[in-house]
Structures are given as structure tokens and as C-alpha cells.
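How does the following fold in three dimensions:
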Amino acid sequence: MSKWMDHPEQLILGKTRDLLRLGKSTEHSVVAARMIEQAKLSIDILTRHLDARIFDQASIIEAIRSLVHDQPRAQVRIIVRDSGPMVRNGHRLLQLGQRLTSFIHIHKLPKPYEDVNEALLIVDGTAYIRQPMSDQYEAVASFNDRKQAKNYADHFEEIWHVSETDIETRRLGV
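Predicted coordinates:
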């Protein structure tokens, strides 16, 4: 087990320079939660189906809720390839997004990018987690690599600009 797993509180956004190698959903979840808990302004997620083992965790939901409550300019943008599992299973981040539509935006991966199979989490343009294959937990993460985070953010932005709101994730009025 990695030394940082014993003390994840030592992973500091904008300070910790180590490149972390992740291989299990538990490692991925701990690192994602730690990054999101420290977010000050933006969270961008490119994902296959917003993996519940990583993103449907109380610590992540509470961190995002606090971010958008405390920071009126905060923005959470999610591009999802297949929203079916999160809709069917009542994903808590989806439910939060349905209540906080001014802050949390969920888009569908557009057709020109449907072959993209990587997953990304980018926080405040500083930290990132990148899974080359979104259906596997092998990933790299950094809490302080603005250059690489910018490269991933540019890629995310390119996709975001041609994506559209995922209508499957919109809240239905009763």
C-alpha cells in the first residue's frame, strides 16, 4: 500500500508534488475525495458513467455541496459517456446536480468524441487524476502540476464546447 494512503491529509492541493500511481478503486476514491475537498473554484470530470465507487461517496458529495455554497463562482462540469447507470442507481452527485443546476452541469459526450475512453478529474487547474482506460482503475494523479493539468483542461474544454446537456440527467417535475 502506498504511504500516502495512510496519511491522505498530507496530500495538499498546489503543494504536494509527488506523482501518484493509483491501481485500485479505493486509492482512486481517496485521492479524488482529497482533491475535491480542497477545490476552491472548479471541478471538471470526464467519465464513462461517473463511477459510483469513486464519486458517489458522502465525502465527495459534501465537499461539492460546500464548494458551491461557499463560492458563488464555483463550477462543477461533468461530461459523461453513459448516464444510464447513474440515473438508474440514484447517484448522489446526480441528485445534487439536479438541485444545484446553476453550479453543477452534466453534459453528454458528443459523437465526435465517442471513442474517447479516458477519464479525467481536474481541480482548480492545478490537480488532476487521469485514467487512460476509464473502465480500469490504473491512473496517475498529481496535486500540483499546473502544466499537465492545463493540458488536460484544454482537452476537456475542447470536448465541453461541442457537448450538450445530458437530458437523461435533468430533473423531471412532478
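
From here on, just use CA atoms for contacts and neighbour counts.
Noted.

residues contacting residue 27?
Residue 27 is in contact with residue 5, counting by C-alpha atoms under 8 Å, 6 or more residues apart in numbering.

A strand includes it, no?
No. Read with DSSP: H, G, I helix; E, B strand; the rest coil, residue 27 is helix and lies in no strand.

Okay, helices next: where are they in this structure?
For the chain, the helices defined by DSSP state H occupy 3-6, 25-37, 52-55, 58-70, 84-88, 92-99, 146-162.

For residue 137, find the nearest of the ones you listed.
Closest of the helices of the chain to residue 137 is helix 25-37, at 5.8 Å (criterion: C-alpha to C-alpha).

follow-up on the earlier one: tell me which of the helices of the chain sits most buried.
Counting by mean count of other C-alpha atoms under 10 Å, helix 25-37 has the highest mean neighbour count of the helices of the chain, with a mean of 21.

now it, how far from the chain's geometric center?
10 Å (C-alpha atoms, centre = their mean, to the nearest Å).

so who does the residue nearest the centre of the chain touch?
Centroid check for the chain by C-alpha atoms, centre = their mean gives residue 45 as the closest residue, at 3.5 Å. By C-alpha under 8 Å, 6+ apart, residue 45 lies in contact with 76, 77, 78, 79, 119, 120, 121, 122.

Make CSV from those and add distance to residue 104 to it.
What follows is the contacts of residue 45, written out as CSV (distance: C-alpha to C-alpha, whole Å):
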residue, distance to residue 104
76, 5
77, 6
78, 8
79, 11
119, 18
120, 16
121, 14
122, 15
